[in-house]
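[1] Provided below are the primary sequence and the corresponding predicted coordinates.
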Amino acid sequence: MTAAVVTATPTSPPPQRPQDIPGWFFHADREVFGHLLRAQTDAGTAGDLLELGSYLGRSAVLLGDLLAPGETLTVCDLFDSEAHDPENAAEMAMSYRETLTRRSFEANYLAFHPRLPQIVQAPTSVLADGRIPAGSCRFVHIDASHLYEHVAGDIEVARAALAEDGLVALDDYRQPHTPGVAAAVWRAVVTSGLRPVLLTPEKFYGTWGDPAAAQRQLLTRDWRAEGYHLDEETIAGARVYRLAAPAEPPTAPAPQPPTPPRRSTPRRLALDLLPPIATRTARRVLAAARRRNS
Ligand SMILES: C[S@@+](CC[C@H](N)C(=O)[O-])C[C@H]1O[C@@H](n2cnc3c(N)ncnc32)[C@H](O)[C@@H]1O
């Protein structure tokens, strides 16, 4: 999470577009979720979707769009419940408490979908009890607590929930203020067979299956032709892609003040450096000269 693009107020009107929902889900990842999950469906891969950490629904609404018939989206979030440990409680108080309620999540979700997803209002650690059937998911989005112990647990939940070539997306794997996420993600890569597929500035995409299959699906879109930066890297001999979007399209164009006519640089410098009385005299002389010349 870097910055919220839209902030909620108690009287926020219903969102018109998913990107009007406050949250931390940005352009490149919206496009990657859409592309990879539609590609799975087109290839005949069915499975449920799971999100750990939904906040006000910005990413959950898109996951709801990407469900194929017969599939289920489950979201797990504390919403307005208490965290079970002091560090997680501090994280909640600092980042989410003022704006987050389960009711706001539900209202936002229902602005775009006729039915709510399955909601688990609890710490994500409860999902380790097997309530998500093993191997039932094709995609898991991890974006809940950013503390190492929690993320490490969430990665284990994802590993159990995912089908063979299922994908996991992990938020904030490289932000300066979330070192615990980085530690948990790269530990899983080194010790538990999580294989990187794609890195965006915000999210790590990986699989415990075959990364080449997902990478082939990624490359069916010509990202570079659309202005994205796409690079190929290797990590310990394994291929991984890096993708970054062109600048986030503005949510609403800011009104611009009329641009004053530009003066030539030496003349502007001279006017800026002269004392105010001399500047006024100089401006009068210049204006008279301009009138004479026009
Ligand atoms: C960064 S926000 C999620 C952002 C969301 N995915 C979006 O697109 O805007 C993190 C969420 O995780 C939730 N959370 C934090 N710790 C949690 C925990 N231990 N268990 C469940 N949810 C948690 C918070 O309530 C918050 O809604």
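    On my side now, so go ahead.

[2] which bits of the stretch 51-200 of the chain sit near the ligand?
    53-55, 58-59, 76-78, 83, 88, 92, 96, 100, 123-124, 143-145, 150 (Cβ under 6 Å from any ligand atom). (C-beta placed from N, C-alpha, C; glycine too.)

[3] so of those, which ones are in strands?
    Cys76, Asp77 (DSSP state E).

[4] Three-state assignment for the residue in the chain positioned nearest to the ligand, please.
    Nearest to the ligand, among the residues of the chain, is Gly23, at 2.3 Å (Cβ to the nearest ligand atom). Of the three states, Gly23 takes coil under DSSP: H, G, I helix; E, B strand; the rest coil.

[5] burial of it, as a residue count?
    24 (other Cβ atoms under 10 Å).

[6] contact partners of the helix or strand hosting Leu167?
    Under the criterion of DSSP states H and E, Leu167 resides in strand 162-171. By Cβ atoms under 8 Å, 6 or more residues apart in numbering, the residues outside strand 162-171 that reach it are 1, 24, 29, 32-33, 36, 40, 45, 47, 53, 135-143, 146, 151, 155, 158-159, 181, 185, 194, 197, 202-210, 213-214.

[7] show me where the stretch 1-150 of the chain has its strands.
    Using DSSP state E, counting those that start in this stretch, the strands found in the stretch 1-150 of the chain span residues 48-52, 73-77, 118-121, 137-142.

[8] redo those strands as JSON lines? Include mean neighbour count.
    Putting the strands of the stretch 1-150 of the chain into JSON lines (neighbours: other Cβ atoms under 10 Å) gives the following:
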{"stretch": "strand 48-52", "mean neighbour count": "26"}
{"stretch": "strand 73-77", "mean neighbour count": "25"}
{"stretch": "strand 118-121", "mean neighbour count": "16"}
{"stretch": "strand 137-142", "mean neighbour count": "26"}
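
[9] for those, could you give me a markdown table that also reports mean pLDDT?
    Converted to a markdown table, the strands of the stretch 1-150 of the chain look like this (pLDDT from 0 to 100):
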| stretch | mean pLDDT |
| --- | --- |
| strand 48-52 | 98 |
| strand 73-77 | 98 |
| strand 118-121 | 98 |
| strand 137-142 | 98 |
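
[10] residue contacts, the closest residue in space to Ala152 that isn't next to it in sequence?
    Distances taken as Cβ to Cβ, 6 or more residues apart in numbering place Ala184 nearest to Ala152, at 4.4 Å, with adjacent residues excluded. Counting by Cβ under 8 Å, 6+ apart, Ala184 touches Tyr148, Val151, Ala152, Ile155.

[11] need those residues in TSV (columns: neighbour count).
    Shown next, in TSV, are the contacts of Ala184 (neighbours: other Cβ under 10 Å):
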residue	neighbour count
Tyr148	17
Val151	29
Ala152	17
Ile155	23
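
[12] verify the stated contact: Met92 with Leu78.
    Yes - Met92 is within contact range of Leu78, at 6.6 Å (criterion: Cβ atoms under 8 Å).

[13] can you list contacts of stretch 233-251?
    Here stretch 233-251 makes contact (Cβ under 8 Å, 6+ apart) with 5-6, 19-20, 26-28, 31-32, 189, 195-201, 211-212, 215, 218, 223, 226-232.

[14] what about burial for those residues, which qualify?
    Among those, the ones that count as buried by 16 or more other Cβ atoms under 10 Å are 5, 19-20, 26-28, 31-32, 189, 195-200, 211, 215, 218, 223, 228, 230.

[15] burial count for Thr124?
    So Thr124, with other Cβ under 10 Å, has 22 neighbours.

[16] how close does it sit to Glu202?
    Per Cβ to Cβ, to the nearest Å, Thr124 is found 19 Å from Glu202.

[17] which ones are touching Asp172?
    Residues in contact with Asp172 (Cβ under 8 Å, 6+ apart) are Met1, Asp143, His146, Thr178, Val181, Glu202, Lys203.

[18] low pLDDT regions in the stretch 1-150 of the chain?
    1-12 (pLDDT under 70).

[19] could you redo the last one with a cut-off of 80?
    1-13, 97-98 (pLDDT under 80).
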